[in-house]
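Trainee: Sequence and predicted structure are below.
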Amino acid sequence: MILVIGDINLDIIVNLREKINFNTDSQSKIFFQEGGSAANFSYWTAGLGQKVRLIAKTGRDLAADYLEDEFKKSEVEFINLTSEKKDTGRIVILLNKTGQRTMLTDRGANITVNPMDIRDEYFENIDHLHIGGYSFFGGTNMEKTALKIIERAKNLGISISFDPSSYSELKNYGPKKILKQTQGLDFIFPNYEEGKILTNQEKPEEIVKILMKYYKFVVLKLGDKGCYIKSEQIQKFVKQPHEATGGDTTGAGDAFSAAFIVYYIKYNDFEKAAGYANQIAFKCVEQFGGHSFIKKKDPVLDQKLFDEKTQI
């Protein structure tokens, strides 16, 4: 089973039909669903056939009721820590016609997670831990909690993957600081902008080279281009075989990371895991929302893409 600890939010997705007209109406299509990097990762992990336990925190409000009801319909084991002081996190996602997004974030209860929230039983039957940068961002208690989680997983011999999560938050928190705190973890999944801020390098091959000093496996996500991977045995650009013509990039990075970990755990093949992750990320971008596609439980994910002979 995979343990995921991090943010959960109510995503309010605004699909703009035109440019925003300030001081008057702007045509758009608006819907909402469960969101947050940890929640998205968990949905994809479960939808791809891997058992997963999500530890996250909401408030006591209508948004929390909605999120809990939706998780009951999924295969995710959701443990809600619940805050008495903060409302559930909310994010307004503005999408343009090409699927690019801007996010207006209110993290709410997410930033009230503290070391006392983390119990030993959460680690029972866990083989892998996935943790995001958001678990560090938000104050001293958040930082202490993230470090406690990582220490506990290391002591239990559990493999760990890390997603830096946010370019702007990473920059404010301190790239050198978080590299030191996460040094020795098994996997890192930065996107290109996060890779640049972590290493102060521009070229993908230089970014992964420096990150290899801190992690066992480096997977640099390059969006619609694919990814650049590096381990002790391999360094390679893995091209995205599909061309997206629209949709929504929300959650695509989480879908990629989840698919990579699920495939790697099953087949222990670093390079083919990258090819599989590219294909699942494309499936995510094709639809609106961070995980609407996976909730449909389309059998193509199991029968065609999730195959030991995945083409890269």
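Mentor: Perfect, thanks for sending it. Numbers count the residues shown, from 1 in each chain.
Trainee: all strands for the stretch 201-312 of the chain, in order.
Mentor: Taking DSSP state E, counting those that start in this stretch to define them, one finds strands in the stretch 201-312 of the chain at 217-221, 226-230, 235-239.
Trainee: Of those, flag the one that's most buried.
Mentor: strand 217-221 (a mean of 25; mean count of other CB atoms under 10 Å). In this view, the C-beta of every residue, glycine as well, is placed from N, C-alpha and C.
Trainee: contacting residues around it?
Mentor: For strand 217-221, the surrounding residues in contact (CB atoms under 8 Å, 6 or more residues apart in numbering) are 186-192, 195, 204, 207-208, 211-212, 227-231, 253, 256-257, 260, 270, 274, 277, 281.
Trainee: Let's see that with 6 Å instead.
Mentor: 187-189, 191, 195, 204, 207-208, 211-212, 227-231, 253, 256 (CB atoms under 6 Å, 6 or more residues apart in numbering).
Trainee: cool, stretch 224-231 as well?
Mentor: 204, 208, 212, 217-221, 236-240, 244, 270, 274, 278.
Trainee: Quick one: the strands of the stretch 201-312 of the chain as a markdown table, columns for mean pLDDT too.
Mentor: Formatted as a markdown table, the strands of the stretch 201-312 of the chain follow (pLDDT from 0 to 100):
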| stretch | mean pLDDT |
| --- | --- |
| strand 217-221 | 98 |
| strand 226-230 | 96 |
| strand 235-239 | 93 |
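Trainee: Can you redo those as CSV, where the extra columns are distance to Lys144?
Mentor: Below are these laid out as CSV (distance: least, CB to CB, whole Å):
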stretch, distance to Lys144
strand 217-221, 26
strand 226-230, 31
strand 235-239, 35
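Trainee: closest one to Ile13 among the ones you listed?
Mentor: Ile13 sits nearest to strand 217-221 of all these, at 21.3 Å, using CB to CB.
Trainee: Show me how far the closest one is from its chain's centre.
Mentor: Centre-to-centre, strand 217-221 and its host chain are 13 Å apart (CA atoms, centre = their mean, to the nearest Å).
Trainee: quick check: angle from it to strand 226-230?
Mentor: 160 degrees (axes from the mean of the first three to the mean of the last three CA atoms, to 10 degrees).
Trainee: Distance check, the residue nearest the centre of the chain against Asn125.
Mentor: Of all residues in the chain, the one closest to the mean position by CA atoms, centre = their mean is Asp254, 3.2 Å from it. Applying CB to CB, to the nearest Å, the value for Asp254 to Asn125 is 23 Å.
Trainee: Same check on Lys225?
Mentor: Distance of Lys225 to Asn125, computed by CB to CB: 37 Å.
Trainee: Those two: which has the busier surroundings?
Mentor: Lys225 (14 against 9; other CB atoms under 10 Å).
Trainee: Mind telling me what element Tyr66 is part of?
Mentor: Under the criterion of DSSP states H and E, Tyr66 resides in helix 62-72.
Trainee: for the record, mean pLDDT for the helix or strand that that helix is followed by?
Mentor: Using DSSP H and E, the helix or strand that follows helix 62-72 towards the C-terminus is strand 77-80. Averaged across strand 77-80, pLDDT comes to 96.
Trainee: same deal with stretch 158-166?
Mentor: Stretch 158-166 comes out with an average pLDDT of 96.
Trainee: How about stretch 186-204?
Mentor: 97.
Trainee: how long is that stretch from one end to the other?
Mentor: Start-to-end span of stretch 186-204 (CA to CA, to the nearest Å) is 19 Å.
Trainee: same thing with stretch 154-168?
Mentor: Across stretch 154-168, the terminal residues are separated by 28 Å (CA to CA).
Trainee: which residues sit against that stretch?
Mentor: 37, 123, 126, 128-134, 153, 170, 182, 185-190, 193-194, 257, 261.
Trainee: Ok, stretch 111-123 next?
Mentor: Identification of contacts with stretch 111-123 by CB under 6 Å, 6+ apart yields Ile55, Lys57, Leu81, Ser83, Lys86, Gly138, Asn141, Lys144, Thr145, Lys148, Ile149, Leu156.
Trainee: What is the most widely separated pair among the residues you listed?
Mentor: Distance extremes for the contacts of stretch 111-123: the farthest pair is Lys86 and Leu156 at 30.1 Å, using CB to CB.
Trainee: okay, these two: which has more neighbours?
Mentor: Between Lys86 and Leu156, Lys86 has the larger neighbour count (other CB under 10 Å), namely 18 against 13.
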